[in-house]
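Q: Here's a sequence, model it:
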Amino acid sequence: MQVSVTFRNTEAEEWFKDYVNERLAKLKKYIDKPLEAHVIMTVEKFRHVAEINLKAKGVNIVGKEEAKDMQLAFDAVMDKVERQVKKHREILRHHKSATVRKPELASTTSLQDEAVAEGEEERGRVIEIRKIVVEPMSLDDAILALEGSKNPFFIYRDLSSENVSVLYRRDDGNYALIEASH
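A: This next block holds a predicted model:
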């Protein structure tokens, strides 16, 4: 990571540059390939303004905060930038999982830890999300696909009606069909 620190209306202090480099190095675990970070520290009378411009592959994050002390201003802007980087990482993770285009059921993410972290109730949580591609086929083809699968249900698009249908295996060995209509 290439870090440049600029001081405006104040003297550059080595200990502060080391502190900035140390805090910015922690962002490496959130961004794949950080390219450049530019930190601008400005002093205007009793205001200390810290600004961070972080440019990485596919992301440009900017944060600006002010405080009574230079270190406090930098810590505040660093917290803000870290939140933005984490949010960007989550967006990328969910975006990549949404682009799964396989016909098989694909497990994309587990929300159990997030639900507990947000303090949601124990009952009725979503613990797994699966994305599938709904293929057009006939009922006979769907029955064959369900028989060849270990899943208890099969989702497909009916050729004749163009509606999404769910075929599932009942406990008695027969099949049940649920048809969605517009």
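Q: from here on, contacts and neighbour counts on C-alpha atoms
A: Fine.
Q: Spell out which residues make up each domain of the protein.
A: Residue ranges for each domain of the chain read 2-98, 106-179, as given by automatic domain parsing.
Q: Just the mean pLDDT for the longest one, thanks.
A: Right, the one you point to is domain 2-98. Domain 2-98 comes out with an average pLDDT of 85.
Q: How far off centre is that domain?
A: Computed by C-alpha atoms, centre = their mean, to the nearest Å, the chain-centroid distance of domain 2-98 equals 20 Å.
Q: And for the shortest one?
A: The chain centroid and the centroid of domain 106-179 are separated by 24 Å, computed with C-alpha atoms, centre = their mean.
Q: just to revisit the earlier point, and the domains of the chain, which is most packed in?
A: domain 2-98 (a mean of 15; mean count of other C-alpha atoms under 10 Å).
Q: what ranges do the helices span in this protein?
A: Using DSSP state H, the helices of the chain run over residues 14-25, 70-98, 112-117, 139-147.
Q: what would those look like in TSV with distance to residue 4?
A: Converted to TSV, these look like this (distance: least, C-alpha to C-alpha, whole Å):
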stretch	distance to residue 4
helix 14-25	9
helix 70-98	14
helix 112-117	35
helix 139-147	59
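Q: Figure out which of these is closest to residue 54.
A: helix 70-98 (8.4 Å; C-alpha to C-alpha).
Q: residue closest to the middle of the chain?
A: In the chain, the C-alpha nearest the mean C-alpha coordinate belongs to residue 90, at 1.7 Å (C-alpha atoms, centre = their mean).
Q: how close does that one get to residue 30?
A: Relative to residue 30, residue 90 is positioned 10 Å away (C-alpha to C-alpha, to the nearest Å).
Q: Residue 148 too?
A: Counting by C-alpha to C-alpha, the separation of residue 148 from residue 30 is 41 Å.
Q: Wait, residue 30 touches residue 87, no?
A: No: using C-alpha atoms under 8 Å, residue 30 makes no contact with residue 87, being 9.7 Å away.
Q: Overlap in contacts, the two.
A: Counting by C-alpha atoms under 8 Å, 6 or more residues apart in numbering, residue 30 and residue 87 have no common neighbour.
Q: Residue 166 pairs with what?
A: When bridges are taken as DSSP bridges, the partners of residue 166 come out as residue 155, residue 178.
Q: Correct me if wrong: it contacts residue 151.
A: No: Residue 166 lies out of contact with residue 151 (C-alpha under 8 Å); the separation is 11.9 Å.
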